[in-house]
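>>> generate a structure from the sequence data that follows.
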Amino acid sequence: MKITKQKTKAAGLAGVIKFVEKRTAEKSSTLAIFDLDGTLFDNRTRTIFILREISEKFDSRVPALAAAFCKFRNLSIVDYSLDVTLARLGVKARLEIEFIKQEWAKRFFSDEYQKYDMPLPGAKAYVERVHKAGATVIYLTGRDVGRMLVGTTEVLRLYGFPVGVAGTMTIVKKEFEQDDEIFKKEVSEYIDRLGEVAAVFENEPANSNILHARFPAAASFFVETQHRPGAPALAAGITRLKDFK
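Reported below is the predicted structural model:
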């Protein structure tokens, strides 16, 4: 039997909850797709913790970075690009930058350091509401299974997000090297077979556009945090959010 998809894109955050509740009462399944980095979580705190650790563990090799933390004030200094972040911190020597980037990558793309991410305001409470209303919550992230799946599950559990229980799924990449956009485009084809997508939440314009095109009947939200430089314009019909409050 073919499911008739009802448009929810103009409903807003509260409207998504009402739509899911209605479809649940009708014994129909709904799905809500959430990206993680920059959507549910602010990972600038992960970067700052890692840089601070590097500055203290290797202070003689990274003198400019170590000195920068004497005047560090807030997270606004952290950019999507690590190169930009280091420039803002006053790190200019090529060898120091190369060393920092190597040490940062070892830590940033690993299970252990994801616990230093911080949920965006209202994110945990909103995901809980969506889940309680009856939607299957799908965490769709460009993190990879080999290095980051365990940490992803742990950080979701740490901050109280529904995870590992009925009505939740966590989908990550098989290989770290796979392009995020290709990954999400391929996975969206699989998700489309699972049920009716009620809402999509992303912080990357390209990914947001891909998912909006795949699920045009869903409410599509773009979280205005950080994203890749040179990103495409956001497609019409996607709602912008500062956070989940």
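>>> who is the closest residue in space to Asp35 that isn't next to it in sequence paired with across the strands?
Excluding the flanking residues, the one nearest Asp35 by CB to CB, 6 or more residues apart in numbering is Glu202, at 4.9 Å. Glycine gets a C-beta too; all of them are placed from N, C-alpha and C. Applying DSSP bridges to Glu202 gives these bridge partners: Phe222.
>>> give me the number of residues near Glu202?
Residues lying near Glu202 (other CB atoms under 10 Å) number 26.
>>> who does the longest strand belonging to the chain pair up with?
Using DSSP state E, we find that the single longest strand of the chain is strand 136-144. As defined by DSSP bridges, the strand partners of strand 136-144 come to strand 30-34 (parallel), strand 168-173 (parallel).
>>> what's the residue nearest to Asp35 in contact with, if anything?
Glu202 sits next to 35, 39, 208, 211, 220-223 when contact means CB atoms under 8 Å, 6 or more residues apart in numbering.
>>> show me which of the residues you listed is closest to Asp117.
Nearest to Asp117 out of the contacts of Glu202 is Thr39 (CB to CB; 11.2 Å).
>>> is it true that that closest one lies in a strand?
No: going by DSSP: H, G, I helix; E, B strand; the rest coil, the assignment for Thr39 is coil, not a strand.
>>> for it, what are its contacts?
120, 201-203, 223, 225 are the contacts of Thr39 under CB under 8 Å, 6+ apart.
>>> how about the strands in this protein?
Going by DSSP E, the chain shows strands at 30-34, 41-42, 118-119, 136-144, 168-173, 196-202, 219-223, 239-241.
>>> which of these is buried the deepest?
Ranked by mean neighbour count, the strands of the chain are led by strand 196-202 with a mean of 27 (mean count of other CB atoms under 10 Å).
>>> domain ranges for the protein?
12-42+118-241, 44-115 (automatic domain parsing).
>>> among those, which is the most enclosed?
For these, where neighbours mean mean count of other CB under 10 Å, the stretch averaging the most is domain 12-42+118-241, with a mean of 18.
>>> from the chain's centroid, how far away is that domain?
Computed by CA atoms, centre = their mean, to the nearest Å, the chain-centroid distance of domain 12-42+118-241 equals 8 Å.
>>> re the thing from before, and of the strands paired with strand 136-144, who's closest to Pro216?
Nearest to Pro216 among the strands paired with strand 136-144 is strand 30-34; the distance by CB to CB comes to 13.8 Å.
>>> averaged pLDDT, the closest one. What do you get?
Per-residue pLDDT over strand 30-34 has a mean of 98.
>>> now that strand - C-alpha only, PDB.
C-alpha atoms of strand 30-34 as PDB (Å, rounded to 0.1, in the frame of the first residue of the first chain):
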ATOM      1  CA  THR A  30       7.700   8.500  10.600                       C
ATOM      2  CA  LEU A  31      11.400   9.300  10.500                       C
ATOM      3  CA  ALA A  32      13.500  12.300  11.700                       C
ATOM      4  CA  ILE A  33      17.000  12.700  10.400                       C
ATOM      5  CA  PHE A  34      19.600  14.500  12.400                       C
END
